[in-house]
Structure formats: structure tokens, C-alpha cells
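[1] coordinates for the following, if possible.
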Amino acid sequence: MTPQEALERLLPAYSRYYDVVPEAPAPFDAAAEFHSHGESYILVKSAKLWEMDSNEYVYFAAGEAFSAEKLTQYIETAWALTMPRVTPGENHRSSDVTVIFLTPALESDARRVVRRTARSKSYRHGLQGWSNLRLGAYEYSTGRITCNRHGRDLKKIISKNFQTKKIGE
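    Purely as a prediction, here's the structure:
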């Protein structure tokens, strides 16, 4: 399997609920966005109980090798691309940034970067929402999946699409 084949295998899972961006920003190979608006009201829409907006911006990087420094650059780029797009406000719940790396193998220090990188930002002490960084890396030669704390649910998505039984930390 090549990195591009791995990407083509994973993108259909996201295209069902996400808007796959035709041209991903450099240096990423693909990108997807998810926007959700929810509200609740009593009997009539003018009697609104609550309203919330959630967003997720997903960036895919497929390559033969990722060093710890290169992973850090990709992560910083994804965060920098997304933060200007976040509009915190009364109805903003969350705007998450997700980066998924697809590669044949990762070095142990690169795996450590994925596991230990944590970034969150709250807006007005959480009253206007928050942003979390979710990371996942899939090594398709071994079937190993590595995620950070916020990206743990990525294991299920990746393992289902690649039908892997080996799920590692």
C-alpha cells in the first residue's frame, strides 16, 4: 500500500458527513470540514431553549516518512490555519482541529510527538466554546494506530476503515 492509496481508502469515510475540500492547503494532501448547528425550542421556534454550533477541521497528511520535527510543523500549520476561522460567540460550542498522518512507519520519537502533543483553547473561560487538537497516526505496514488524548476516537475510525486489529498507544 502506498500513502496515496491509504488516503484514498480513508477519505470516503469522511465524505459521508464531512465536506471534503477539493484543494487542501499546503502541506496537506486532503482536508475536510464538518459544521453542525443544533437548537431546541418549546412549541414554537420563538421560544428557543438553546442553540449551539460545532465545527471540525480535518487535515490529512500521507507520506513515506515523518520525523518528529516534520510532524510538529504539520501540527503547527493545521492549528495556524484553523484558529482564524473560529468565531467564538454565545452559541459556539467547539471548533476542533484534527490531523491524521498516514505512513508506512513512524520513528519512536515521532510516535511520542503524536501521543504527547496536547493543545486546547477556551474562549471566555469556556462560556463561548473551546478548540481541541486531535491527532492520529496510522502505520499501514504494521497496522499500528497512535493518537493523542483528544484523538482517541480516531482509533475506531481508522481501524474500521483499514480493518486492523492492532491498536497501539
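
[2] could you use CA atoms for every contact and neighbour count after this?
    OK.

[3] for the top strand by length along the chain, what is the average pLDDT?
    As assigned by DSSP state E, the longest strand anywhere in the chain is strand 48-62. Mean pLDDT, computed over strand 48-62, is 87.

[4] packing partners of the helix or strand following that strand?
    Counting by DSSP states H and E, the next helix or strand C-terminal to strand 48-62 is helix 68-82. Packed against helix 68-82, as judged by 3 or more C-alpha pairs under 8 Å, 6 or more residues apart in numbering; DSSP states H and E, are the following elements: strand 92-103, helix 108-116.

[5] partner strands of the first one, parallel or antiparallel?
    What it means is strand 92-103. Based on DSSP bridges, the pairing partners of strand 92-103 within the sheet are strand 48-62 (parallel), strand 130-139 (parallel).

[6] spatially central residue for the protein, please.
    residue 98 (1.6 Å; C-alpha atoms, centre = their mean).

[7] ok, now how distant is that residue from residue 45?
    The span separating residue 98 from residue 45 equals 34 Å under the rule C-alpha to C-alpha, to the nearest Å.

[8] deepest of the strands paired with strand 92-103, which one?
    strand 130-139 (a mean of 24; mean count of other C-alpha atoms under 10 Å).

[9] next secondary structure after that strand?
    Next in sequence after strand 130-139, counting helices and strands by DSSP H and E, comes strand 144-147.

[10] neighbouring strands of that following strand in the sheet, and parallel or not?
    strand 130-139 (antiparallel).

[11] picking that back up, mind putting the strands paired with strand 92-103 into a markdown table with distance to residue 155?
    Output for the strands paired with strand 92-103, formatted as a markdown table (distance: least, C-alpha to C-alpha, whole Å):
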| stretch | distance to residue 155 |
| --- | --- |
| strand 48-62 | 15 |
| strand 130-139 | 7 |
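
[12] so which of these comes closest to residue 21?
    Comparing the strands paired with strand 92-103 against residue 21 with C-alpha to C-alpha, the closest turns out to be strand 48-62 (9.7 Å).

[13] quick one: contacts of that closest one?
    Here strand 48-62 makes contact (C-alpha atoms under 8 Å, 6 or more residues apart in numbering) with 3-4, 6-7, 24, 27-42, 78, 82, 91-103.

[14] so how far is that strand off the chain centroid?
    From the chain centre to the centre of strand 48-62 is a distance of 10 Å (C-alpha atoms, centre = their mean, to the nearest Å).
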